[in-house]
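Student: okay, predicted coordinates and the sequence, questions at the end:
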Amino acid sequence: MYPDLFSIGPLTIHTYGLFVALGFASAIAVTVWLGKFEGVSSQTTMDIMFLAIVWAIIGSRAFYVLLNPGYYLEHPLDAFKLWQGGLVFSGGMVAAIAALAWYLRRHRMPVLATADLLAPGLALGQGIGRIGCFFAGCCYGRPTDLPCAVVFSHPESLAPLHIPLHPTQLYSALSGLLLFALLLVLRARKSFPGQVFIWFLILHSTSRLLVERFRGDYRGLIPGTEMSVTQLVTLLVLIGSVVGLYVLKSKASKNRPSSSV
């Protein structure tokens, strides 16, 4: 693939960084557009998205560094080289959720309704960003002889070279784009606050666990098991989301006025 698009003197445009930036820009644009239908000002939406993006980057990069301590203890400055690849979406999602929960409560904004507003854009941004992973070669898959296999040959690719691999980055990209479309449909039909965001967590976690089965890169293993740290975090998010859906749905049913006979 093409980790670098082109260079102008000392300036190099990295494909990974470009698609991550496009993902963030698309997420912001979609969220601002959706916010107008709910009476949320563009400035408020921009502030919220900026906070989410900053903490998503911090959390996802920090999680990646923690999964690869040996390398980053020897090369600590490389932890700041985001353009080379290395963001763990699960870590970024947890950090962004925590930061947004604090911000929204501090400003007395509806947490669940705002989370519903953000969910479609997050799915779209994640889907576009994964295309950057494909070009960089990070998050690569296991060897396979399936017709959909891809072979990386660029010497600066992060994936093993000249071996047919599962295109796990494209699996994730397609999953994100499909999830974006589903959330838009669900948003128009939601029956209680938080429903869209909870389904985002459930569907994303489910697809992530499926894609993880085909991943070939090292992501840290739980001692005594073959489960990666990412799989464990994703599984916990999935379980918590299913419980959360049940709780929110139960509360909505109790608060719904009963029809008189």
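Tutor: Looks like it arrived, so ask away.
Student: show me where this structure has strands.
Tutor: Here the chain has its strands, by DSSP state E, at 4-8, 11-14.
Student: any stretches of the stretch 1-150 of the chain with poor pLDDT?
Tutor: Within the stretch 1-150 of the chain, the stretches with pLDDT under 70 are 1, 3, 6-7, 9-12, 82-86.
Student: centre of the chain to stretch 102-115, how far?
Tutor: 20 Å (C-alpha atoms, centre = their mean, to the nearest Å).
Student: from now on call the first residue 399
Tutor: All set: I'll call the first residue 399, so the last point we hit is now stretch 500-513.
Student: ok, now which ones touch S440?
Tutor: V430, G433, K434 (C-beta atoms under 8 Å, 6 or more residues apart in numbering). The way it works is simple: take the backbone N, C-alpha and C, and place the C-beta from them, glycine included.
Student: let me know the closest of those residues to L581.
Tutor: G433 (14.7 Å; C-beta to C-beta).
Student: how far away is the closest one from L646?
Tutor: 22 Å (C-beta to C-beta, to the nearest Å).
Student: with A425 instead?
Tutor: The spacing between A425 and L646, counted by C-beta to C-beta, is 24 Å.
Student: same thing with A571?
Tutor: From A571 across to L646, the span is 29 Å (C-beta to C-beta).
Student: quick one, which of these two is more surrounded?
Tutor: Higher neighbour count among A571 and L646: A571, with 22 against 17, using other C-beta atoms under 10 Å.
Student: quick check: L572 touching G525?
Tutor: Yes: contact criterion C-beta atoms under 8 Å: L572 and G525 qualify, at 7.3 Å.
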